[in-house]
Structures are given as structure tokens and as C-alpha cells.
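Enquirer: how would this look folded up:
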Amino acid sequence: MATTTAGSVSRIWYQSFVHPIEQAPYIDRLQGMLDAIASPGIRFEVRGLDPPDFAFHALSEFRCAGQVIRNALRAEEEGYDAFVLGHFQEPALIELRGAVDIPVISLGEANMLAALSMAHRFGLVTVNPVFLPWHDRQVRLHGLAERCAGTQSLEMDVPAFMKAFTDEQAYEAVRAQFVQQVKPLIAAGAEIIIPAGGLPMMLFAREAPFVIDGAPIMNGIAVVAKAAEMALALRDITRVVVSRRGTYAKAPPAAIAQFLAH
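Expert: Sure, this is the predicted structure:
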């Protein structure tokens, strides 16, 4: 965990992509889980988006990315120690790391890297078919195409996930659909499965362990939380957060000011 003085707490802004009021039950569950798994001296604070990502389209992701960059700049200004991009598709990850000097940890990247420390090849199960090409580009952008066995998709929306959190019959239906999508990934060589989204990650976190035909299902919320804690610990040890050479070069103050002004 991060080094803290007596009585101090390292605060981590956890950016969800759902609405803070309309999806309050999910926000509350996510906050409760993060509270339960956080190390001493670490405090995660879950924030939503208004308007949220509801269209399941690249244009909606782009719109939300602007909100998220503003929120990361606000988090740094308000003294947060790290920022979690809690959306698997991780729009604007490069821009985020170029905008702030606090660690930025991504749900998607953290889980794929963690999966490769537990298995040789991973598979993704996304929440909706619209994200299939998005994840293909995402995996390739991270240089992990050879280690990814493929991506399958559920047929879900946010209200359906909300129901599955409280209705046991709805949960079993989503679980059955998930298992059905995992099978071809295992047949293709996946040794571990990542639910590609915060909603399914939270939904299936109730099962520990959750294993299908020998392949573990990752608890992605726990993974990104511990990745954030590790980033803070390494910052305290090495005094380095991110490379400023090339990809994550720091944006000039004028560029940040112009972004905020428009």
C-alpha cells in the first residue's frame, strides 16, 4: 500500500461510466466492495457520469471520454492520489495519462496484464456485440493479440444487469448466458476469462472462486483496485508514475487550459 503518515489516507478516484443516481444500487455495491478489499490507508471513492455511457456506441464513448479527462484533472486538483478508469473499453487512456501526474490505472489494461501473470492466453466476454470490434482494436493496441484467444459477447443492457443483482432467477439466466459464451473461448485456447466490463465483474464477484472447465473467471474489480494500490506503492518507492517519453508525454499547460475552456 502507499506510504501514509499517521492518520492520513490515500484517496483514489474510481471513475464508473454509469449514472450516479439512476444506477445508484450498482454504485453502492461497487463502493461497498472497494471498501471491503481496500488496504489500510487506502480509500476508493466511486464517481459516476452524467450523462452516462448509455448508447453502446463509439460516439458515446468519445463523449464520455471528455467528461473523464475533466474529472481526472479535477481529481488531481483536489488532491486525489490516483485515478481509476473503471470502464473496460478505456477511452482516452493515452490522453488521461498525458493530462495528469497522478497514476492512472485502467480496468481493461490492468485485467489483461494480470491475466497474463496467471495464464498464457485469456479470453474476453463483453456485455454487448457492439463492443466486439472495439475489444479487438483494444487488445491489438496493447500488443496482446497473440495472447488473446478471442472475444465473445453477452446480449445485455444496463437495466438487465441491475435486475440480476437483486433477482436470483435473473442472475441465473445471465450466468447461463455467460457460461455459454465462455465455452468457445476455452475451445480456442483461453486458460482464463475476463468479464469485459465493470457490471459483469461485479455481478460474478459473488462466486469465489468462479471456474468454468478449469478456467478461472477474473474478479476484475479486485484486480484494478490492487493495481491502483501497487501503483501508489511503487510511486512512493521509485518516485516515478509514468514515462513522459513518447506515448504519455505530458500535455503543455496551454493545451490543458484550452481543453478545459472548450
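
Enquirer: Report the contact partners of Tyr248.
Expert: Going by CB atoms under 8 Å, 6 or more residues apart in numbering, Tyr248 touches Ile94, Arg97, Gly98, Val242. For glycine as for every other residue, the C-beta is placed from the backbone atoms N, C-alpha and C.

Enquirer: quick one: which of those residues has the most company?
Expert: Arg97 (26 neighbours; other CB atoms under 10 Å).

Enquirer: and it, what does it touch?
Expert: By CB under 8 Å, 6+ apart, the neighbours of Arg97 are Val104, Val242, Thr247, Tyr248.

Enquirer: Which of those residues sits closest to Ile193?
Expert: Minimum distance to Ile193 across the contacts of Arg97 is 25.3 Å, recorded for Val104 (CB to CB).

Enquirer: tell me the contacts of that closest one?
Expert: Counting by CB under 8 Å, 6+ apart, Val104 has contacts Ala72, Ala82, Phe83, Val84, Leu85, Leu93, Leu96, Arg97, Val242.

Enquirer: quick one: which of the contacts of Tyr248 sit in helices?
Expert: Those of those mapping onto helices are Ile94, Arg97, Gly98, per DSSP state H.

Enquirer: Mind splitting this protein into its structural domains?
Expert: Per the record, the chain has its domains at 10-106+222-261, 109-220, by automatic domain parsing.

Enquirer: Now the ones you listed in TSV, please, with extra columns for mean pLDDT.
Expert: Shown next, in TSV, are these (pLDDT from 0 to 100):
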stretch	mean pLDDT
domain 10-106+222-261	94
domain 109-220	95
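
Enquirer: Following the chain past the one helix or strand Glu45 maps to, name the next helix or strand.
Expert: In this assignment (DSSP states H and E), Glu45 forms part of strand 42-47. Per DSSP H and E, the first helix or strand lying C-terminal to strand 42-47 is helix 58-77.

Enquirer: Run through the helices of the protein in chain order.
Expert: Counting by DSSP H, the helices of the chain are 24-37, 58-77, 93-99, 107-115, 132-141, 158-166, 168-187, 198-204, 220-238, 253-261.

Enquirer: what comes up buried for the second one?
Expert: Neighbour-count burial for helix 58-77, with 16 or more other CB atoms under 10 Å as criterion, is recorded at Ser60, Glu61, Cys64, Ala65, Gln67, Val68, Ile69, Asn71, Ala72, Leu73, Ala75, Glu76.

Enquirer: what's the answer for the first one, then?
Expert: Residues Tyr26, Ile27, Arg29, Leu30, Gln31, Met33, Leu34, Ile37 are the ones in helix 24-37 that count as buried (16+ other CB under 10 Å).
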